[in-house]
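Peer 1: My questions are about this predicted structure, shown below with the sequence.
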Amino acid sequence: MRASGPDIFGILNITADSFSDGGKFLAPENALAQAQKLVGEGAQVLDIGPASSHPDASDVSPADEMARLDSVWSQLQRVGAELSVDSFRSETQRWAMAHHADWLNDIHGFQDVRLHDELADAKCRLVVMHAIQSKGIATRDAAPEGDIWDHILRFFETRLRVLDAASIARERLVLDPGMGFFLGPDAQTSLRVLGGLARLKREFDLPVLICVSRKSFLRAVADCSVEASGPISLAAELLACEQGVDYIRTHDVLPLAQALKLRAAIEK
């Protein structure tokens with residue numbers, strides 16, 4: 001985290017069916033224009049998603065993911081931001097490492113042990129995300145019985161132990177507790193996690209990334225559409241800032257970047 005606050009991951013979905021912008025940036029020229037916009041607004045990292053992971057998303061093969069990335073990668077390398085690949089598929093992660101991605105973002109926390117030696121040898125940073133689903137995309141399954149924080153902390157204890165054993169350096173890791181359907185369909189579950197983010201930093205002393213942008217649990221609180229969810233998304237992002245998160249992943253970079261500038265100016 002910079003002195004002025006968290007770094008911003010700008011979401012770039014090169015997909016046909018992402019829940020809020022599916023199809024808008026699938027064409028390479030549209031993806032490049034959106035990337036330039038996000039960076040111009042203040043994103044330090046572009047998080048590029050070649051497939052959707054919401055409960056109603058279509059299945060996309062690793063070959064299709066890699067083809068989508070390949071269609072824009074060389075242009076994106078010139079826009080002035082670090083590049084992150086958002087995929088839980090090992091084949092796509094391997095492609096990203098071979099093409100010098102700065103970050104890998106895995107909603108299942110790098111479960112494929114067959115890739116661990118390669119991850120250990122790579123230089124990219126790793127977003128280790130928690131999800132109640134053990135594989136595949138998000139579902140509408142209920143959260144596990146008991147306190148969701150107990151589940152999250154056990155998950156990260158296990159993942160960190162496994163990644164440590166694979167000689168994947170801790171200083172490369174960032175933790176993401178998951179939000180929305182990755183915690184279950186009950187909005188209260190995500191609200192409980194959002195209100196307790198400082199606990200995650202205390203427990204593991206590692207950087208934390210959060211993504212609440214346009215999520216259904218916030219839309220349920222505000223009783224609003226995806227299109228009208230910008231204000232409550234920003235409010236949730238600023239609540240995360242107050243708890244010391246290090247990275248925020250968002251669709252709407254400009255409002256967050258401006259809010260962080262104001263915060264920094266006041267603190268100065």
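Peer 2: Now that the structure is in, tell me what you want to look at.

Peer 1: pull the longest helix from this protein.
Peer 2: Longest helix in the chain, counting residues (DSSP state H): helix 148-165.

Peer 1: in that one, what's buried?
Peer 2: 148, 151-153, 155-156, 159-160, 163 (16 or more other C-beta atoms under 10 Å). Where C-beta positions appear, they are placed from N, C-alpha and C, glycine not excepted.

Peer 1: quick one, strands of the stretch 151-268 of the chain?
Peer 2: 173-176, 209-210, 247-250 (DSSP state E, counting those that start in this stretch).

Peer 1: again with the stretch 1-150 of the chain
Peer 2: 7-13, 45-49, 82-86, 103-106, 125-129.

Peer 1: Which of those strands sits closest to Pro185?
Peer 2: Of all the strands of the stretch 1-150 of the chain, strand 125-129 sits nearest to Pro185, with 18.0 Å by C-beta to C-beta.

Peer 1: so that closest one versus strand 7-13, what angle?
Peer 2: 70 degrees (axes from the mean of the first three to the mean of the last three C-alpha atoms, to 10 degrees).

Peer 1: and strand 125-129, how far out from the chain's middle?
Peer 2: 9 Å (C-alpha atoms, centre = their mean, to the nearest Å).

Peer 1: just checking, what packs against that strand?
Peer 2: Contacting strand 125-129 under the criterion 3 or more C-beta pairs under 8 Å, 6 or more residues apart in numbering; DSSP states H and E are the following elements: strand 103-106, helix 148-165, strand 173-176.

Peer 1: Now do the last one: which elements does it pack against?
Peer 2: By that I understand strand 173-176. strand 125-129, helix 148-165, strand 209-210.

Peer 1: Just the buried positions in stretch 115-134, please.
Peer 2: Neighbour-count burial for stretch 115-134, with 16+ other C-beta under 10 Å as criterion, is recorded at 115-116, 119, 122, 124-133.

Peer 1: circling back to that earlier point, quick one, which of the strands of the stretch 151-268 of the chain is nearest to Leu69?
Peer 2: Per C-beta to C-beta, nearest to Leu69 of these: strand 247-250, 17.8 Å.

Peer 1: In space, what's closest to Ala198 - neighbours in sequence excluded?
Peer 2: Gln243 (4.3 Å; C-beta to C-beta, 6 or more residues apart in numbering).

Peer 1: Count the neighbours of that neighbour for me.
Peer 2: 16 (other C-beta atoms under 10 Å).

Peer 1: residues touching it, list them.
Peer 2: 197-198, 201 (C-beta atoms under 8 Å, 6 or more residues apart in numbering).

Peer 1: rerun at 10 Å
Peer 2: Gln243 is in contact with 194-201, 208, 210, counting by C-beta atoms under 10 Å, 6 or more residues apart in numbering.

Peer 1: Retrieve the pLDDT associated with it.
Peer 2: We have a pLDDT of 96 for Gln243.

Peer 1: What are the phi and psi values at it?
Peer 2: phi -100, psi 10 (degrees, to the nearest 10).

Peer 1: mind exporting stretch 159-177 as CSV, just the C-alpha atoms?
Peer 2: The C-alpha trace of stretch 159-177 is given here as CSV (Å, rounded to 0.1, in the frame of the first residue of the first chain):
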residue,chain,number,x,y,z
ARG,A,159,-3.1,-22.5,1.7
LEU,A,160,-0.2,-20.7,3.2
ARG,A,161,1.2,-23.9,4.7
VAL,A,162,1.0,-25.6,1.3
LEU,A,163,2.5,-22.6,-0.6
ASP,A,164,5.2,-22.3,2.0
ALA,A,165,6.1,-26.0,1.6
ALA,A,166,6.3,-25.4,-2.2
SER,A,167,8.9,-22.6,-1.6
ILE,A,168,6.6,-19.9,-2.9
ALA,A,169,7.8,-16.8,-1.2
ARG,A,170,5.4,-15.2,1.2
GLU,A,171,6.4,-11.7,0.1
ARG,A,172,4.8,-12.4,-3.3
LEU,A,173,1.4,-13.2,-1.7
VAL,A,174,-1.7,-11.1,-1.3
LEU,A,175,-4.9,-12.4,0.4
ASP,A,176,-8.4,-11.9,-0.8
PRO,A,177,-11.3,-13.2,1.4
